[in-house]
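Asker: Quick one, fold the following:
(one chain, ligands or ions: 1)
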Amino acid sequence: MHPFSYTKVSTTREALNAGRSGGRYIAGGTTLVDLMRETVERPDTLVDISGLPLRGITVTGRGGLRIGALVRMAEAAADSKVRTTFPVISQALELSASAQLRNMATIGGNIMQRTRCAYFRDVTAACNKREPGSGCAALKGVNRTHAILGTSGDCVATHPSDAAVAFAALEARVHVLGSDGRERSIGFADFLLRPGSTPHREQAIHRGELITAVEIPVHPRPLVSGYLKVRDRQSYEFALTSAAVALHVRGGVIREARVAAGGVGTVPWKLSAVERHLIGERPSEALWTAAAARAADGARPLEHNRFKVDLLKRTVERQLRIVGGSR
Ligand code: SF4
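Answerer: As a prediction, this is how the structure comes out:
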């Protein structure tokens, strides 16, 4: 492991000062320490922010939620406000990682986690994300678990977070504190970056900025929602495909639809075509099938992951049926 210094901060001001000087923030450490062991990440300074007051879950406005960046995944999943208002978030968190990891990992760390592409973690392999300009071993390698949406000729890795799929569906905003002490918020669709020609740039935040919270906006009530994850084994595994669905039905008509997919995109993939197909329609079996048929629009499968095109459609159709009901 590359030698590093460690400092623990107790105020956001101390954190920002250390971050501005090049320190890397660490809280749960469940991703970063692994990557440091494998020498994929080699920070000179770790700044432990686990003592900062960024832990609360609060109701905003008329029913939105603000989840502090240092809330543990397990705490957020179990929180009664999250469970009753946005069960899609609870379910996504509960289907993530292992119980031990969920007890350590934070919401901020979860959305910042790095890809599980095996070549990224193998320092002998070509990887533009780890070493810009070195190539992408996955393009001609084993790419069964890689992305079919949002890819580029430089990177085809998926984003691994389940919670981020729920946040993308619900159009959450990420609050960050800049080195000048000002807070700004970034829409989730803009927070995680598609690889393009710069796959090493993964989030729309600047050096030293500190994530303070994820905010879920107010949605009309009632909102029914849920998360479905399809994977090779039923525990401690990343998604081959997943679907986060939230529907507002009033007077027998779908007034609002929020749908996103995981395991298939280089970022959590908002399924806007599916949403448009649902809004204004009456729930029915035929509607779920027709809407889900749009889920893989624009997909560009690789040699080993063509199966994801149909699997994605079936995952979305099934979750629409679970959330919207069989009719
Ligand atoms: Fe690296 Fe991305 Fe290629 Fe994986 S898919 S080897 S992360 S550049």
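
Asker: so what's Arg258 up against?
Answerer: Ala169, Leu170, Glu171, His219, Ser225, Ala244, Val245, Ala246, Leu247, Glu275 (Cβ atoms under 8 Å, 6 or more residues apart in numbering). Backbone N, C-alpha and C define where each C-beta goes, glycine included.

Asker: Mind jotting down where the helices sit in the stretch 101-250 of the chain?
Answerer: Ranges of helices in the stretch 101-250 of the chain, per DSSP state H, counting those that start in this stretch, are 107-112, 118-121, 163-169, 188-191.

Asker: Nearest to Arg37, out of the ones you listed?
Answerer: helix 118-121 (10.2 Å; Cβ to Cβ).

Asker: buried sites along the closest one?
Answerer: Within helix 118-121, the residues that qualify as buried are Ala118, Tyr119, Phe120, Arg121, counting by 16 or more other Cβ atoms under 10 Å.

Asker: Let me know whether the last one touches Glu41 as I believe.
Answerer: No. Arg121 sits out of contact with Glu41 when judged by Cβ atoms under 8 Å, with a separation of 10.3 Å.

Asker: Now for the nearest residue to Asp190 once chain neighbours are set aside, how many residues are close by?
Answerer: Leaving aside its sequence neighbours, Asp190 sits nearest to Ala204 (Cβ to Cβ, 6 or more residues apart in numbering; 5.6 Å). By the criterion of other Cβ atoms under 10 Å, Ala204 has 14 neighbours.

Asker: do the one 5 residues further on as well
Answerer: The number of residues packed around Glu209, counting by other Cβ under 10 Å, is 20.

Asker: isn't it right next to His175, touching?
Answerer: No. Using Cβ under 8 Å as the test, Glu209 is too far from His175 to be in contact (10.3 Å).

Asker: List the contacts of the residue nearest to the spatial centre of the chain.
Answerer: In the chain, the residue lying closest to the centroid (Cα atoms, centre = their mean) is Ala164, at 2.3 Å. Taking Cβ under 8 Å, 6+ apart, we find Ala164 in contact with Asn110, Ile111, Phe188, Leu192, Gly262, Val267, Pro268.

Asker: repeat that for 10 Å
Answerer: 92, 107, 110-113, 172, 174, 188, 191-192, 214, 244, 260, 262, 267-268 (Cβ atoms under 10 Å, 6 or more residues apart in numbering).

Asker: Need the pLDDT of it.
Answerer: Per-residue confidence at Ala164 stands at 98 (pLDDT).

Asker: picking up where we left off before, who wins for proximity to the ligand among the helices of the stretch 101-250 of the chain?
Answerer: helix 118-121 (3.5 Å; Cβ to the nearest ligand atom).

Asker: domain assignment for this structure?
Answerer: Per the record, the chain has its domains at 57-112+161-216, 224-324, by automatic domain parsing.

Asker: Can I get those domains in CSV including distance to the ligand?
Answerer: As requested, the domains of the chain are exported to CSV (distance: least, Cβ to the nearest ligand atom, whole Å):
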stretch, distance to the ligand
domain 57-112+161-216, 5
domain 224-324, 8
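
Asker: and stretch 91-102, average pLDDT?
Answerer: Rounded mean pLDDT across stretch 91-102 is 97.

Asker: Near Ala291, how many residues? Count them for me, please.
Answerer: Using other Cβ under 10 Å, Ala291 has 26 neighbouring residues.

Asker: Ignore what I typed, I meant Lys270.
Answerer: Quick note: Lys270 (other Cβ under 10 Å) scores 20 neighbours.

Asker: Can you name the residues that contact it?
Answerer: Contacts of Lys270 were listed using Cβ under 10 Å, 6+ apart, and they are Val165, Ala168, Ala169, Glu171, Phe188, Ala189, Ala244, Arg258, Val259, Ala260, Ala261.

Asker: Could you work out the most separated pair of the residues you listed?
Answerer: Glu171 and Ala261, at 14.8 Å, using Cβ to Cβ across the contacts of Lys270.

Asker: Generate a ChimeraX selection restricted to the buried subset of the contacts of Ala164.
Answerer: Paste this into ChimeraX to select the buried members of the contacts of Ala164, with burial taken from 16+ other Cβ under 10 Å:
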select :92,107,110,111,112,113,172,174,188,191,192,214,244,260,262,267,268
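
Asker: Please give the element, helix or strand, for Arg13.
Answerer: Arg13 is part of helix 12-20, with elements assigned from DSSP states H and E.

Asker: Neighbouring strands of whatever helix or strand comes next after that helix in the sheet, and parallel or not?
Answerer: Counting by DSSP H and E, the next helix or strand C-terminal to helix 12-20 is strand 24-26. Paired strands of strand 24-26, with direction, are strand 45-48 (parallel) (DSSP bridges).

Asker: Tell me the gap between the strand it pairs with and the middle of its chain.
Answerer: From the chain centre to the centre of strand 45-48 is a distance of 23 Å (Cα atoms, centre = their mean, to the nearest Å).

Asker: Please enumerate residues in contact with that strand?
Answerer: 4-10, 14-19, 21-27, 29, 32-33, 36, 208, 210.

Asker: Perfect, I'm done here.
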